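> missing the sequence, but the structure's below:
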């Protein structure tokens, strides 16, 4: 699919609280090409792409088939950043780059507490981060050469990560015979 696209599809994933949306929004601002940031969790809510709401976990049970049907035309065109806490749902053919954001579990705990998450939800997400659940999922779902693990604990990390992804976008464009001029 990537040969047909004029811009890449970038998946930014990580445990809740690792900075996915912040990275994606800054990347939209810094990218040498226009990119659309899709916060998949918000997209699911806005478009009603869920089966139910789970009170215990305070989250929606996503209708993955409907979600993928909605995203397919955008993925086939490219130029999108998919921002979600999971990546394995997206077909391998969609992804040009999968960025897995990682964060020290103590810092992550504080971030989730500030969001008002329940203790159970904080513990579950913290355990997932410690056990590298999101990273393992990305590594088992996509080719190793497109999965990048990045630390996301400070403003310096954020700026460095976005600069690195911008360089990757420029290289992707060169590799696909496109000018890097904007």
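Received, thanks. This one's a predicted model, so the numbers in the text were calculated from it and none came from an experiment. Numbering: from 1, shown residues only.
> what's the span of stretch 125-145 from first residue to last?
Its first and final residues considered, stretch 125-145 spans 26 Å by CA to CA, to the nearest Å.
> How far off centre is it?
Its chain's C-alpha centre and that of stretch 125-145 lie 12 Å apart, by CA atoms, centre = their mean, to the nearest Å.
> before we move on, what about stretch 68-79?
15 Å.
> which of the residues in it are buried?
71, 75, 78, 79 (16 or more other CB atoms under 10 Å). The C-beta positions use only the backbone N, C-alpha and C, and glycine is treated the same way.
> With stretch 51-61 instead?
In stretch 51-61, counting by 16+ other CB under 10 Å, buried: residue 60.
> Likewise for stretch 97-111?
For stretch 97-111, by 16+ other CB under 10 Å, it's 97, 98, 99, 100, 101, 102, 103, 108, 109, 111.
> do the same with stretch 135-151
So stretch 135-151, judged by 16+ other CB under 10 Å, has buried residues 135, 137, 138, 139, 141, 142, 146, 147, 150, 151.
> mind listing the helices for the chain?
Counting by DSSP state H, the chain has helices at residues 20-30, 40-47, 64-77, 105-114, 119-130, 133-141, 155-175.
> These into a markdown table, with extra columns for mean pLDDT and distance to residue 58?
Shown next, in a markdown table, are the helices of the chain (pLDDT from 0 to 100; distance: least, CB to CB, whole Å):
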| stretch | mean pLDDT | distance to residue 58 |
| --- | --- | --- |
| helix 20-30 | 98 | 18 |
| helix 40-47 | 96 | 12 |
| helix 64-77 | 97 | 19 |
| helix 105-114 | 96 | 12 |
| helix 119-130 | 95 | 7 |
| helix 133-141 | 98 | 19 |
| helix 155-175 | 97 | 26 |
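> Let me know which of the ones you listed is the nearest to residue 84.
helix 40-47 (3.7 Å; CB to CB).
> Packing partners of that closest one?
Applying 3 or more CB pairs under 8 Å, 6 or more residues apart in numbering; DSSP states H and E, one finds that helix 40-47 contacts strand 59-62, helix 64-77, strand 80-84.
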